[in-house]
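Trainee: the following comprises the amino acid sequence and a computationally predicted model.
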Amino acid sequence: MRRLALVAALAGAVVSTAVIAVAPRAAWADAASVKKLLAAGEQFFEDQDYNKVIKVLRPVASDPAATRAQQLRALELTALSYLILGDEAAARATFERLLDIDPGYQLTDRSGSPRIQRFFDEVRAAVTPGFDATMAATLDHAAPPEATAGRRVEIDVRATAGAEHVKEVVFFVRRRGDQDYHELAAGFRGDGRWRVRWTPEASSEPYTAEYYLEGRGLGGEPVARVASPDVPLTIAITAGAGKPRAWYRHWWVWAGAGALAAGAVGAIWLGGGSEEGSLPPGTVTLP
């Protein structure tokens, strides 16, 4: 009986190990498949083969292996394809799914079609409380491609349309790999312009910072975005320890001063050879 129990335990361990080894490979295969399907959908859209876009991207929008960014992109391309083909009901339903994931989503469509933007705004107004398409704005910005850790960076932001609707600009940033963004309000400089002053976290190793910008209206609602939480922009951060401190603030200065002080006291103590002091108590005279 003991031998049978041992054999069963070993068999279970082997099966468990096999499952653990196979699971990451399966996940990797699913992620690779999603990426391949999305690339195919992008190409079909460029080729204006919209029926194939819908067919290829249908599984991506609901695949658990797809990231939020991939799902959002698949839904946008699918909705645009439906709209171009004249199926407004399907386009509306697809845009609604997209806005359920990200209510502040901004279209990445480069055609500049007023019809597409107007249709999207109508869907958003129907599903997003407080949204008013007439209050929308457009932001542009200038950011460096790289920065040094621990040293301040300035990013200029400008409202190119609807500046009167933008009451605040917020900079969202995180270190790649982190889940949460940190918020930093931009300073208003007048005439539809703002400036972000941000100091990347000091680090002895280079890293990548991810960010996006959001313009907000009077009630705090988003009226414009540059990039998004799921598809952020990046800045390469080179290693750096921040602004140099004054020489007298370094630990080794004070350690050295302490050693000198201790040496002086020791010399004074050792220099008094007689048992009785020749000076009044509490008085020390140095040459």
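Mentor: Yep, that arrived. Everything quoted here is computed from the prediction, not taken from an experiment.
Trainee: T208 in helix, strand or coil?
Mentor: Here T208 is strand, with the state taken from DSSP: H, G, I helix; E, B strand; the rest coil.
Trainee: what count of nearby residues applies to the residue lying closest to it once chain neighbours are set aside?
Mentor: Spatial nearest neighbour of T208, excluding adjacent residues (CB to CB, 6 or more residues apart in numbering): R176 at 4.2 Å. Bear in mind the C-beta positions are built from the backbone N, C-alpha and C, glycine included. Neighbourhood size, R176 [other CB atoms under 10 Å]: 11.
Trainee: residues in contact with R176?
Mentor: Y207, T208, A209, E210, T234 (CB atoms under 8 Å, 6 or more residues apart in numbering).
Trainee: same question for P64.
Mentor: Here P64 is in contact with no residue (CB under 8 Å, 6+ apart).
Trainee: doesn't it belong to a strand?
Mentor: No. Counting by three-state DSSP, P64 is not found in a strand; it is coil.
Trainee: still on that earlier bit, between the contacts of R176, which sits nearest E164?
Mentor: Minimum distance to E164 across the contacts of R176 is 30.0 Å, recorded for E210 (CB to CB).
Trainee: quick one: neighbours of that closest one, just the number.
Mentor: Around E210 there are 19 residues (other CB under 10 Å).
Trainee: show me where the stretch 1-150 of the chain has helices.
Mentor: Secondary structure of the stretch 1-150 of the chain by DSSP state H, counting those that start in this stretch: the helices cover 2-46, 50-57, 68-84, 88-101, 114-127.
Trainee: buried set for the fourth one?
Mentor: If I follow you right, that is helix 88-101. A90, A91, R92, T94, F95, R97, L98, L99 (16 or more other CB atoms under 10 Å).
Trainee: distance to E76 for these - can I get that in a markdown table?
Mentor: Formatted as a markdown table, the buried residues of helix 88-101 follow (distance: CB to CB, whole Å):
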| residue | distance to E76 |
| --- | --- |
| A90 | 14 |
| A91 | 11 |
| R92 | 13 |
| T94 | 8 |
| F95 | 8 |
| R97 | 10 |
| L98 | 6 |
| L99 | 11 |
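Trainee: and which of the residues you listed is nearest to V223?
Mentor: Distances from V223 to the buried residues of helix 88-101, taken by CB to CB, are shortest for L99, at 15.4 Å.
Trainee: what's the pLDDT at the closest one?
Mentor: Here, the pLDDT recorded for L99 equals 92.
Trainee: could you chop the protein up by domain?
Mentor: Split into domains by automatic domain parsing, the chain comes to 2-131, 138-238.
Trainee: just give me the lowest mean pLDDT stretch among those.
Mentor: Among the domains of the chain, domain 2-131 scores lowest, at a mean of 82.
Trainee: leaving out chain neighbours, which residue sits closest to R118?
Mentor: Closest to R118 by CB to CB, 6+ apart is A133, at 7.7 Å.
Trainee: contact partners for the one you found?
Mentor: R118, D121, E122, R124, A125.
Trainee: now it: how far from G112?
Mentor: A133 sits 16 Å away from G112, going by CB to CB, to the nearest Å.
Trainee: cool, G130 as well?
Mentor: Counting by CB to CB - G130 and G112 are separated by 26 Å.
Trainee: looking at the two now, which is surrounded by more residues?
Mentor: Set G130 next to G112 and count neighbours by other CB under 10 Å: G130 wins out with 10 against 7.
Trainee: surely that one and G219 touch.
Mentor: Yes. If you go by CB atoms under 8 Å, G130 and G219 touch, sitting 6.8 Å apart.
Trainee: Y50: what's it in contact with?
Mentor: Neighbours of Y50 in contact, by CB under 8 Å, 6+ apart: F44, S81, Y82, I84, L85.
Trainee: can you pick the most crowded of those residues?
Mentor: Counting by other CB under 10 Å, top hit in the contacts of Y50: S81 with 25 neighbours.
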